[in-house]
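Engineer: Pasted the sequence and its predicted model underneath.
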Amino acid sequence: MPAHEEYSDLDKIRIQFTLFSAFYSPLISTMSGGFLKAEGLDPEWSISPPGVSALAALKDGSAHVVQSALSQGFTSLDKGETPEAVHFAQVNEMDGFFLTARKADSGFSWKKLEGAELVTFRGGQPQAMFKYACHKAGIDCSKIKLITPGGPAEIDKAFRAGQGQYVHQQGPFPQQLQADGVGHIVAQVGKQIGLCGFSSLAATREWLGTEMAKAFMRAYRKTRVYMSKKPAAEIARAEKPYFPDIDENVLADCIATYQRLGCWTPHVEITREAYERTLDVFEYNGLVKRRYRYEQVCAVPPATD
């Protein structure tokens, strides 16, 4: 369906993820917790192909809502373009990556990364956030020997094959490494950075004015409360079909960790404070030309009353 057409069928809602992991449970649980179906929406989900922005799916009409990041808006603005999509709700208000070592280290400090080999991402937001965290921790990131084999699966495979002394991953990969006796989680990147607009939901301004958008938002608001109040084991049990290769107990451990971290606050709005911190990160990395106004990237969520 072309993006400019009116959405008359409220039964099928198409959702696309940029990355698919337990970190994005607030969006996954709209499906696994039955919140979308309770609003009359039948979800169909996909993951954007490697190297392709999920925003492309909004442009060609193959998705209504995508899990994205505020930096997508910065990229368009840096090119002198008005973003075709806007970010209207938060998914995570903190970085959700972990540092895992080969051996348990209760006395771990970030200084130990200097001179060590770290399996990690080649670039993008994960690397930008990691470098900012190193800055906040007072260490020289240039002294870390980075190994960058590819995406999440390739990173996990490389560490399991013996590469690196440390690995930088989103959950539930680190929890599964720990359960398998391959590694031990020693730090969380989010604790170094604090509140930020790490990941968000994006859509076209036109779609945000539809009845489907209102129905989605009702479901998403209920899901945010569910994520903060329900036991991790219950959430994991419902989500398990989406993670066939992850042990349910490992998934529950991962979800509980994110609940404690505080990245899944009940409110849905992208706050100005979180937006500004994200700008800080990208400005530090030299990845944004200027500090763009909140309204150039973000929009208020659809009304649900």
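Structural biologist: Good, I have the coordinates.

Engineer: from here on, contacts and neighbour counts on C-alpha atoms
Structural biologist: Fine.

Engineer: Over to residue 186: give its phi and psi.
Structural biologist: Dihedral pair for residue 186: phi -120, psi -20, per degrees, to the nearest 10.

Engineer: can you pull the contacts of it?
Structural biologist: 98, 99, 100, 101, 104, 105, 106, 108 (C-alpha atoms under 8 Å, 6 or more residues apart in numbering).

Engineer: any idea how far it lies from residue 171?
Structural biologist: Residue 186 sits at a distance of 13 Å from residue 171 (criterion: C-alpha to C-alpha, to the nearest Å).

Engineer: Quickly list what's touching both of these two.
Structural biologist: By C-alpha under 8 Å, 6+ apart, the residues touching both residue 186 and residue 171 are residue 98.

Engineer: Figure out the length between the terminal residues of stretch 104-119.
Structural biologist: 17 Å.

Engineer: buried ones in that stretch?
Structural biologist: Under the neighbour-count criterion of 16 or more other C-alpha atoms under 10 Å, stretch 104-119 has 110, 113, 114, 117, 118, 119 buried.

Engineer: And what about residue 291, helix, strand or coil?
Structural biologist: Residue 291 carries the three-state label coil when classified by DSSP: H, G, I helix; E, B strand; the rest coil.

Engineer: returning to what we had before: nearest to residue 255 among the contacts of residue 186?
Structural biologist: Ranked by distance to residue 255 (C-alpha to C-alpha), those are led by residue 98 at 13.2 Å.

Engineer: ok, now how distant is the closest residue in space to the closest one that isn't next to it in sequence from residue 56?
Structural biologist: If the residues on either side of it in the chain are set aside, residue 98 comes closest to residue 188, at 4.5 Å by C-alpha to C-alpha, 6 or more residues apart in numbering. Distance of residue 188 to residue 56, given as C-alpha to C-alpha: 31 Å.

Engineer: what's the least confident helix or strand in this protein, going by average pLDDT?
Structural biologist: helix 55-59 (a mean of 89; mean pLDDT, DSSP states H and E).

Engineer: Wait, a helix at residue 44?
Structural biologist: No. Assessed with three-state DSSP, residue 44 is strand; it does not lie in a helix.

Engineer: Who are the contact partners of it?
Structural biologist: Contacts of residue 44 by C-alpha under 8 Å, 6+ apart are 12, 13, 14, 15.

Engineer: Please dump those into a markdown table; it should also carry secondary structure, distance to residue 225 and pLDDT for every row.
Structural biologist: As requested, the contacts of residue 44 are arranged in a markdown table below (DSSP: H, G, I helix; E, B strand; the rest coil; distance: C-alpha to C-alpha, whole Å; pLDDT from 0 to 100):
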| residue | secondary structure | distance to residue 225 | pLDDT |
| --- | --- | --- | --- |
| 12 | strand | 24 | 95 |
| 13 | strand | 21 | 97 |
| 14 | strand | 23 | 97 |
| 15 | strand | 20 | 98 |
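
Engineer: Show me the shaky parts of the chain.
Structural biologist: 1-10 (pLDDT under 70).

Engineer: could you dump the lengthiest helix in it to CSV, C-alpha only?
Structural biologist: Counting residues, the longest helix found in the chain (DSSP state H) is helix 211-229. In CSV, the C-alpha atoms belonging to helix 211-229 read as follows (Å, rounded to 0.1, in the frame of the first residue of the first chain):
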residue,chain,number,x,y,z
GLU,A,211,-7.5,5.6,13.6
MET,A,212,-5.0,2.8,13.2
ALA,A,213,-2.3,5.0,14.9
LYS,A,214,-4.7,5.7,17.8
ALA,A,215,-5.4,2.0,18.2
PHE,A,216,-1.7,1.2,18.1
MET,A,217,-1.0,3.9,20.7
ARG,A,218,-3.7,2.6,23.1
ALA,A,219,-2.0,-0.8,22.9
TYR,A,220,1.5,0.6,23.3
ARG,A,221,0.6,2.6,26.4
LYS,A,222,-0.8,-0.5,28.0
THR,A,223,2.3,-2.5,27.0
ARG,A,224,4.6,0.1,28.7
VAL,A,225,2.8,-0.4,32.0
TYR,A,226,2.9,-4.2,31.5
MET,A,227,6.6,-4.0,31.0
SER,A,228,7.2,-2.2,34.2
LYS,A,229,4.8,-4.2,36.5
